[in-house]
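1. Compute the structure for the input listed below.
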Amino acid sequence: MEQEYLDPLLIERIRDGENQAFKVVSDHLHERLAALARQLVSRVEDAEDAIAHGYLQLFIHRQRMESMSNVEGFLHETVRNYCLDLLRKEERRKNLWRLRPAWVARSERAVPENEADHRLLKAELAYCIRAALDEMPENLRTAYQLFIVEELTAEEAGKKMGVSERTVRTYVQQAKERIHTAVIDKGLHILLIFCVLKFFLEKN
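-> Next up is the predicted model:
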């Protein structure tokens, strides 16, 4: 295997997309890449996905490779970046769940906990809501935060914002409509929307 990896023609075979050449690279570098991935992510499946992604990207960009040193560096960087991206996504997901309003937490009881697809959709829904809030005018976002997330009364929220109770309710309704539109545009599962948004849309 070592002799094959040191073959000066190997880089040309890789650039030509030869399957056996990629196998030689995999046999030689797999353990090193696996050790790198496992240092960064805890799940074995994620580490394997990172390595598979690295080889796929190598195949896509094989014509750019000029030496085996390029190949090693490219794979190392690609696997590392994939793992770091997974970690960033996981951190964002945790932050979103910390920010989720009380009605989302209450709605979790409406969906059986053993249904992984529903839990994933709820995470997507939370992300969709956060994105919709970020695009709203500040008055709508603030009213939503105070009335829905912090569960203040319309009167209490109005005092904090310096507006009337009626204005707070108007802002909240506009925010609801924008979020509802964003959720529908996202195409999330209608049953999940019903389970989760019924708490949101019925709050007054």
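
2. where does the residue of the chain most remote from its centre fall, helix, sheet strand or coil?
-> For the chain, the largest distance from the centre (Cα atoms, centre = their mean) belongs to Gln3, which lies 41.9 Å off. Judged by DSSP: H, G, I helix; E, B strand; the rest coil, the three-state class of Gln3 is helix.

3. Look up how far Pro137 lies from it.
-> In this view, Gln3 and Pro137 are 67 Å apart by Cβ to Cβ, to the nearest Å. No exception for glycine: its C-beta is placed from N, CA and C like everyone else's.

4. repeat for Val25
-> Per Cβ to Cβ, Val25 is found 53 Å from Pro137.

5. Who has more neighbours out of those two?
-> More crowded of Val25 and Pro137, by other Cβ atoms under 10 Å: Val25, with 21 against 12.

6. element containing the residue most central in space within the chain, please.
-> Geometric centre of the chain, nearest residue: Lys89, 4.5 Å, by Cα atoms, centre = their mean. Using DSSP states H and E, Lys89 maps to helix 68-99.

7. With Pro8 instead?
-> For Pro8, there is no host helix or strand (DSSP H and E).

8. give me phi/psi at it?
-> Main-chain torsions, Pro8, degrees, to the nearest 10: phi -60, psi -20.

9. Same question for Leu6.
-> The phi/psi pair for Leu6 (degrees, to the nearest 10) is phi -90, psi 0.

10. Contact partners for the residue nearest to the centre of the chain?
-> By Cβ atoms under 8 Å, 6 or more residues apart in numbering, Lys89 lies in contact with nothing.

11. what's near enough to touch the residue nearest to Asp46 when sequence neighbours are not counted?
-> Ranked by Cβ to Cβ, 6 or more residues apart in numbering and with sequence neighbours excluded, the top spatial neighbour of Asp46 is Leu86, at 5.7 Å. Leu86 is in contact with 41, 46, 50, counting by Cβ under 8 Å, 6+ apart.
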